[in-house]
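Student: okay, sequence plus prediction incoming.
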Amino acid sequence: MKKILVVNPGSTSTKVALYESGKAGNVKEIASRSITHSRAELDNFETTAAQEAYRADTVAQFLKENNVNELHCCAGRGAPVKALDAGSYGINDIMLNDLRTEKYSNHPSNLGALIAHSVAEQFNCPSLICDPVSVDQFEPYARYSGLPGINRRSRLHALNIRAMARHYGESIGKPLDELNLVVAHLGGGISIVPMKKGRMIDTNDANDGGPFSPQRAGTLPSTLLVKLCFSGEYGSAAELNNVLTKNAGLLAYLGTDDGREIEKRISEGDAEAEEIYHAMTYQIGREIGSAAAALKGEVDAVILTGGLSYAPLCTKWITEYVDWIAPVVVKAGEHELTALAEAGSRYIFGTEELKEY
Ligand SMILES: Nc1ncnc2c1ncn2[C@@H]1O[C@H](COP(=O)(O)OP(=O)(O)O)[C@@H](O)[C@H]1O
Ligand SMILES: CCCC(=O)OP(=O)(O)O
């Protein structure tokens, strides 16, 4: 049995898990932990990169408590790094430098590769990332925004989206390169992807556009956004970006981003919650329709995944908008830890090579 450690640092937590694998792509969780970090704790650090030792300590503690004395691979969540093709990448010095200097972003997932690499050095085993946020498989038309100088970018929940698409293919006995899918990751942020024969040829970019989500604003009317930027209401670009990506959407309208809480309010007759929540599902439905158009309507299935796919009203309303396109398959939850472990297993057992960053 091979042992694989996976690390997924997020805005409020560090998730870590240990898996065993005896066959390529087949993994079993042995232990896992989600360590919550308070805002006050994280505010002690000037940059995300400065949190490395602190977060690594929590992982070291997990290894100690589970008496881990051998590892065959360490996998970290892939942050927004440079634009690259889908797949698994060995963690090398160039990647580590890009992450430490926050060259492409200061997202907490930067720490995934940094921590995975340092644990791997300790255990003398390989380390990798898989399907990072900046996977870019756009077809040429998808890059145009309508204004020269501004290109649309591929930023998406690639890890969970590709893993769920792969699992769906396996469940019906078809390889991904024979399927056309629309995959919607419905989490704190939302990514909706037309997947053409296994390639993610377009997406809304969860931070820049598409439907509003539990925490994000989605596409805004551009002239009104420009007006807001120059209104003096916000002191800096960082402040407004923070509102658009962390404190907008359901949270801004309803004071909570929790799907369970909102569905409970609706069941108790809260008409405002019903209107706003339905508006979000309407926008999600429209974006799925747009992805189906990118596939010229040749869609084998629409897959709903991410935490919000556990929410029954949300998936019911979305399904009402889109089930004319193709069968709707719900694969609720985000499965990023397992997806990383599966990538580690495919590498260890030689069914997938590591690409060079
Ligand atoms: N059982 C559930 N019922 C309804 N909503 C849920 C449930 N579980 C998670 N959610 C919602 O899913 C969103 C988080 O999605 P998730 O994919 O777990 O996280 P993220 O994308 O932020 O990593 C939150 O809005 C949360 O309230
Ligand atoms: C832009 C897609 C990646 C993303 O938004 O990740 P999180 O939801 O984990 O912040």
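Tutor: Received it, and whenever you're ready, just let me know what you need. Numbers count the residues shown, from 1 in each chain. Ligands and ions are numbered 1, 2, ... in the order given.

Student: C-alpha only now, for contacts and for neighbours.
Tutor: Will do.

Student: residues in contact with the one residue sitting closest to the centre of the chain?
Tutor: Compute the mean C-alpha point of the chain, and by Cα atoms, centre = their mean the closest residue is His157, 2.9 Å away. By Cα atoms under 8 Å, 6 or more residues apart in numbering, the residues touching His157 are 132-133, 185, 191.

Student: list just the nearest of these to ligand 1.
Tutor: His185 (7.2 Å; Cα to the nearest ligand atom).

Student: in which helix or strand does the closest one reside?
Tutor: For His185, the host element (DSSP states H and E) is strand 180-186.

Student: within its sheet, name the partner strands of the following helix or strand past that strand and how each one runs.
Tutor: Per DSSP H and E, the first helix or strand lying C-terminal to strand 180-186 is strand 190-196. Strand 190-196 has its sheet partners listed here by DSSP bridges as strand 180-186 (antiparallel), strand 199-200 (antiparallel).

Student: and the ones you listed: which comes nearest ligand 1?
Tutor: Comparison of these against ligand 1 by Cα to the nearest ligand atom identifies strand 180-186 as nearest, at 6.1 Å.

Student: and that closest one, anywhere near ligand 2?
Tutor: No: if you take Cα under 6 Å from any ligand atom as the test, strand 180-186 misses ligand 2, and the best it gets is 9.0 Å.

Student: now do that strand, average pLDDT.
Tutor: Taken as a whole, strand 180-186 carries a mean pLDDT of 98.

Student: got the CA coordinates for that strand in PDB?
Tutor: Coordinates of each C-alpha in strand 180-186 appear next as PDB, following Å, rounded to 0.1, in the frame of the first residue of the first chain:
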ATOM      1  CA  ASN A 180     -19.400  16.600 -24.100                       C
ATOM      2  CA  LEU A 181     -20.400  17.900 -20.600                       C
ATOM      3  CA  VAL A 182     -21.500  21.100 -18.900                       C
ATOM      4  CA  VAL A 183     -20.000  21.000 -15.400                       C
ATOM      5  CA  ALA A 184     -21.200  23.600 -12.800                       C
ATOM      6  CA  HIS A 185     -19.100  23.800  -9.600                       C
ATOM      7  CA  LEU A 186     -21.500  25.500  -7.100                       C
END
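
Student: buried sites along the helix or strand bottoming out on mean pLDDT in the chain?
Tutor: Using mean pLDDT, DSSP states H and E, helix 39-43 stands out as the lowest-scoring helix or strand of the chain, at a mean of 81. By neighbour count on 16 or more other Cα atoms under 10 Å, the buried set for helix 39-43 is Leu42.

Student: do the same with stretch 220-229
Tutor: Buried residues in stretch 220-229, defined by neighbour count with 16+ other Cα under 10 Å: none.

Student: which of the helices or strands spans Leu96?
Tutor: Assigned by DSSP H and E, Leu96 falls in helix 93-100.

Student: ok, and what's touching the helix or strand following that helix?
Tutor: Later in the chain than helix 93-100, the nearest helix or strand by DSSP H and E is helix 110-123. Taking contacts as Cα under 8 Å, 6+ apart, the residues outside helix 110-123 that touch it are 5-9, 48-49, 51-52, 55-56, 69-80, 91, 96, 99-100, 102, 126-129.

Student: restricted to buried residues, select those residues in ChimeraX.
Tutor: Those of those that count as buried under 16+ other Cα under 10 Å are selected in ChimeraX with:
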select :5,6,7,8,9,48,49,51,52,55,56,71,72,73,74,75,76,77,78,79,80,91,96,99,100,102,126,127,128,129
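
Student: contacts with ligand 1 among the contacts of helix 110-123, please.
Tutor: Filtering these for proximity to ligand 1 (criterion: Cα under 6 Å from any ligand atom) leaves nothing.

Student: determine how far the helix or strand containing Ala252 lies from the middle of the whole chain.
Tutor: Ala252 belongs to helix 249-254 when assigned by DSSP H and E. Chain-centre distance of helix 249-254: 20 Å, with Cα atoms, centre = their mean, to the nearest Å.

Student: which secondary structure elements does that helix contact?
Tutor: Other helices and strands packing on helix 249-254, by 3 or more Cα pairs under 8 Å, 6 or more residues apart in numbering; DSSP states H and E, are helix 271-294.

Student: so where is this structure shaky, pLDDT-wise?
Tutor: Scanning the chain for pLDDT under 70 picks out nothing.

Student: how about the helix or strand just after the least confident helix or strand of the chain: buried residues?
Tutor: Heading C-terminal from helix 39-43, the first helix or strand you meet, by DSSP H and E, is helix 52-65. Residues of helix 52-65 classed as buried: 52, 55-56, 58-59, 62-63 (neighbour count, 16+ other Cα under 10 Å).

Student: can you list the residues you listed in JSON lines and add distance to Thr245?
Tutor: As requested, those are exported to JSON lines (distance: Cα to Cα, whole Å):
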{"residue": "Glu52", "distance to Thr245": "23"}
{"residue": "Arg55", "distance to Thr245": "23"}
{"residue": "Ala56", "distance to Thr245": "26"}
{"residue": "Thr58", "distance to Thr245": "27"}
{"residue": "Val59", "distance to Thr245": "28"}
{"residue": "Phe62", "distance to Thr245": "31"}
{"residue": "Leu63", "distance to Thr245": "33"}
